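Participant: Sequence below, structure please.
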Amino acid sequence: MWFREPTAGDLVDLCRNMSAMDAREIFAINPVAPDVLAMSIYAQLPRARFAVAIGLDNDPAAIAFLGAWPQDASGGLVSANLFGTDAFASLAGRFARFVRGHLKAEMERLKVRRAECRVLKEHTRARAFIRACGGIEEGELIDFGPNGETYMLAAWRRSDWS
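Facilitator: From the prediction side, this is the model:
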């Protein structure tokens, strides 16, 4: 598994080839063309507290993107976003173990007290992955999507480690 700073090309490829459920989840809230989404993310990278492209050993193509953007003035509250291609499923368990092993120290280093994400309720693989990474589902966001989709709010909280 490798990590690198995401390039515009990584993001375009990922947005064009993301898994069907990731696409359903993301494009329900942000109904734009994949290339527009990619360039929007790329333009926001300087504001990110953390952003990486993720890939498989011996393959230069990125298969996932993980980013976190500040949601308050202190930067201690971040919104985390992860999406990938179907190939990410082959790396999900290994990546979840990596996250569990490094998340607390990384949140402390970045002075993040809370990282949160929203996931489509029916996206059961993503919800299981969030739990495997130590995230806690806090509740349902009913009618959050423009067509009445329900999303789940999940978070990683510093207070859970105190």
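Participant: just the strands in this protein please.
Facilitator: 2-4, 50-55, 62-70, 77-84, 114-120, 136-141, 151-157 (DSSP state E).
Participant: quick one: buried residues of the one helix or strand in the chain whose mean pLDDT sits lowest?
Facilitator: The helix or strand of the chain with the poorest confidence is helix 92-109; it has a mean of 89 (mean pLDDT, DSSP states H and E). Across helix 92-109, burial judged by 16 or more other CB atoms under 10 Å covers 92, 95-96, 99, 103, 107. For glycine as for every other residue, the C-beta is placed from the backbone atoms N, C-alpha and C.
Participant: possible to save the residues you listed as TSV with distance to Leu37?
Facilitator: Converted to TSV, the buried residues of helix 92-109 look like this (distance: CB to CB, whole Å):
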residue	distance to Leu37
Ala92	22
Phe95	22
Ala96	25
Val99	24
Leu103	26
Met107	26
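Participant: Ala51 touches Pro6, doesn't it?
Facilitator: Yes: taking contacts as CB atoms under 8 Å, Ala51 lies within contact range of Pro6: 5.9 Å.
Participant: Looking at those two, which is more packed in?
Facilitator: Using other CB atoms under 10 Å as the criterion, Ala51 and Pro6 rank with Pro6 on top: 23 against 20.
Participant: residue contacts, that one?
Facilitator: Shown in contact with Pro6 (CB atoms under 8 Å, 6 or more residues apart in numbering): 41-42, 45, 51-53, 62, 65, 67.
Participant: one more time with 7 Å, if that's ok
Facilitator: Counting by CB atoms under 7 Å, 6 or more residues apart in numbering, Pro6 makes contact with 45, 51-53, 62, 65.
Participant: Looking at the residues you listed, which is nearest Glu116?
Facilitator: Nearest to Glu116 among those: Ala51, at 16.5 Å, using CB to CB.
Participant: how about the nearest residue to that closest one, chain neighbours excluded?
Facilitator: The shortest distance from Ala51 to any non-neighbouring residue, by CB to CB, 6 or more residues apart in numbering, is to Gly67 (4.1 Å).
Participant: One more: Ala154?
Facilitator: Among residues not flanking Ala154 along the chain, Gly135 sits closest, at 4.4 Å (CB to CB, 6+ apart).
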